[in-house]
Structures are given as C-alpha cells and as structure tokens.
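Asks: Using only what follows, build the 3D model:
(one chain, ligands or ions: 1)
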Amino acid sequence: MKWPDSLKQFKLGRADVSIFNNGELAICLAEIMNEQSRWDPSYNEYVENTRLFPSLTIHISLQGGASVLVDPNDFLLSSPPGSEYYPQSREYVPPPVIFDQLEGSGISLSKVTHVVITHAHFDHYAGVTRKDFRGNFRPAFPNAKYFLNHADWDRPETQQELLNNPHSDVSNSLGVLNEEGVLQLVEGTEELLSEIAILPAPGETPGHQVLRLRSEGETLYCTGDLFHDFIEVENASAMSSWADYATNLKSKETIVKLALQENAYLIPAHMQLGRLSMKDSKIKWNAVLEIV
Ligand SMILES: [Zn+2]
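Replies: Presented below is the predicted three-dimensional model:
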C-alpha cells in the first residue's frame with residue numbers, strides 16, 4: 001500500500017505528527033484470531049487471506065520542544081527475513097531502519113524527549129536501543145525517558161528473560177533502559193505533558209496502553225495493538241488469540257466510545273490514520289486520506 005505524502009505528516013492543532021512505516025508484516029488473521037471472534041461473512045476475504053500490515057512508529061512534535069516517539073521498532077531485529085511474519089516474496093525490501101527515517105525527516109535522535117511503548121511485544125520496542133561502535137546496546141534516544149506500563153515490565157516472561165539471558169532481546173532493550181535509569185514504569189493514567197496523556201488499555205498484554213494527544217480541540221489516539229485491523233474495530237469480539245478476551249473487550253469499548261465522542265483521529269500501530277463513525281448502531285472504520 002502506497003500512502004499519499006500528505007498522510008505521512010500532518011498538523012493536529014499545534015502539534016506536528018509524522019507516521020513512519022518500519023516494514024510490513026504478512027499476517028493471515030484467521031490464524032491468529034481467538035475462538036470467540038465473530039464477524040459478518042462479508043469480511044471473510046479479509047480474514048482468510050494473508051495480507052500485509054505495516055508496522056508504524058509515530059512521532060509528535062509539540063511547541064516548546066517536546067519530541068515524543070511512540071513504538072520505535074527496529075524492523076529487521078524484530079522481524080528478520082525468514083521469521084514468522086516477514087513477507088515471503090523474494091522481492092520484498094523493507095524501508096530504511098527507523099533511525100535513518102527519523103533523521104532523514106529532520107528529527108534528531110538526541111532531541112527526542114519521551115518514548116512511549118504501548119506494550120511489551122518486541123515489534124513495538126525493538127528500536128529503543130541500538131548497537132554502539134563497540135557492539136553494545138545503548139539507548140537509541142540518549143536524552144529521552146521511556147514509558148512502559150509496570151504490568152508489562154512485571155510479566156513473568158519479561159522478568160525471566162531479564163534474569164536468565166543477558167543477551168535476550170528483552171535484556172538488550174528494556175534491560176539496558178532499566179540499567180541506565182531511563183525506564184519509567186507507568187501506573188494507570190499518566191499526564192505526560194499538557195497535551196499528551198497515556199491511558200491504560202489492557203488486554204493485548206496486561207500493561208497495554210494508548211497515547212492521547214489533544215491540541216486546539218482536536219484529538220488523536222495512538223492505539224498500539226488495541227486493534228490490528230479494521231475487522232477488529234468493526235467487530236468488538238474479533239481479537240487475537242493471545243489477548244485476554246474480557247479485558248480487551250472492555251478496553252476496546254472504552255476507547256471506541258471516547259473516540260466517537262471526540263470525533264478523534266486514530267493511528268493503530270498496524271493500520272493507518274482513520275476515524276470512527278456509527279451507522280445502524282455498528283462501528284465503522286474510515287481511513288483518513290487527507291486532513292483539511
Ligand atoms: Zn504489534
């Protein structure tokens with residue numbers, strides 16, 4: 001999918017928002033949906049066929065100098081060629097690594113002030129560190145604080161990886177941030193800046209959270225993996241097998257209700273910019289192709 005240039009960067013109130021695609025993941029939703037997922041048969045072709053889902057990193061620049069990054073992924077680290085979701089086509093070439101994309105857009109890595117990790121799945125934080133010239137992993141944004149929900153940090157999977165394997169992906173990323181004293185564990189709602197808040201939206205993982213930007217009457221939610229696809233937006237029960245069903249259902253309902261009330265923009269991490277509408281008491285996902 002090729003996006004119009006206008007969608008990669010736009011203004012929301014006084015904030016500048018940029019969307020970066022780290023690369024595509026080839027996913028057949030039918031293979032990852034939980035058993036309780038229900039959808040109208042008209043969705044079958046989307047559910048049953050393998051499709052490409054972008055892996056997005058979002059940058060928000062606020063007046064006053066705050067430079068906020070959501071879910072930096074180092075694509076080839078989290079999805080190397082041959083791994084489960086890497087596209088099988090031999091011609092597939094992923095976009096440049098996120099660090100080069102950011103710098104190419106004039107976003108200085110050393111000026112990033114806040115990095116928000118929506119949840120502890122590696123494709124959402126593989127880019128929080130990068131190797132230095134000695135081959136040691138160091139924070140990729142040397143002057144930033146990094147925000148992860150404590151419930152994802154406390155997960156047995158996370159803690160066991162940290163304890164048992166100093167060279168694991170978790171140790172090389174979240175472990176390094178923790179040792180450097182730059183990892184901030186979020187509990188509940190956190191007012192990060194006057195225009196930005198982190199809201200809990202558990203279910204995909206115990207500590208899954210979303211970012212809300214409000215500026216001059218406009219609202220944007222960076223919703224992480226609350227939805228992976230429009231099918232999961234339009235069908236409340238549709239979600240991945242690893243999600244906690246009841247918890248995720250409640251989070252989806254809460255954020256959908258807020259987004260409808262505020263006519264908010266949404267950027268789910270594997271979709272694109274969109275808005276919600278309600279028709280015949282059904283939620284509809286509407287891709288936004290331009291902001292006027
Ligand atoms: Zn994801």
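Asks: average pLDDT across the longest helix anywhere in the chain?
Replies: Using DSSP state H to assign secondary structure, the helix with the most residues in the chain is helix 245-262. Across helix 245-262, the average pLDDT comes to 97.
Asks: Now do the helices in the stretch 151-292 of the chain.
Replies: Taking DSSP state H, counting those that start in this stretch as the criterion, the stretch 151-292 of the chain contains helices spanning 156-164, 169-170, 176-180, 230-234, 245-262.
Asks: And the longest helix of the chain, what's buried?
Replies: Across helix 245-262, burial judged by 16 or more other CB atoms under 10 Å covers 247-249, 251-252, 255-256, 259, 262. For every residue, glycine as well, the C-beta is placed using N, CA and C.
Asks: again, but for stretch 57-76
Replies: 57-62, 66-75.
Asks: Which parts of the stretch 101-250 of the chain are strands?
Replies: Listed in chain order, the strands of the stretch 101-250 of the chain (DSSP state E, counting those that start in this stretch) span 114-116, 129-131, 137-139, 145-149, 183-186, 190-191, 196-200, 209-215, 218-224.
Asks: Go through the buried residues of stretch 57-76 and flag which are in helices.
Replies: residue 75.
Asks: Could you list which of the buried residues of stretch 57-76 also contact the ion?
Replies: By CB under 5 Å from the ion, no member of those lies near the ion.
Asks: how close does the residue in the stretch 1-150 of the chain that the ion sits nearest to sit to residue 84?
Replies: Proximity of the stretch 1-150 of the chain to the ion (CB to the ion) peaks at residue 123, 4.8 Å away. For residue 123, the distance to residue 84 equals 11 Å [CB to CB, to the nearest Å].
Asks: So which of those two has more stuff around it?
Replies: residue 123 (21 against 8; other CB atoms under 10 Å).
Asks: thinking again about what came up before, what helices or strands is the longest helix of the chain leaning on?
Replies: Contacts defined by 3 or more CB pairs under 8 Å, 6 or more residues apart in numbering; DSSP states H and E place helix 245-262 against strand 218-224, strand 274-279.
Asks: So which bits of the stretch 151-292 of the chain are right by the ion?
Replies: residue 225.
Asks: How much space separates the residue in the stretch 151-292 of the chain that the ion sits nearest to from residue 180?
Replies: The nearest approach of the stretch 151-292 of the chain to the ion comes at residue 225, 4.5 Å away (CB to the ion). Relative to residue 180, residue 225 is positioned 26 Å away (CB to CB).
Asks: Could you check which of these two has the larger neighbour count?
Replies: residue 225 (26 against 13).
Asks: ok, now which ones touch the more buried one?
Replies: Contacts here follow CB atoms under 8 Å, 6 or more residues apart in numbering; on that basis residue 225 touches 118-119, 121, 124, 204, 208, 240, 268-270.
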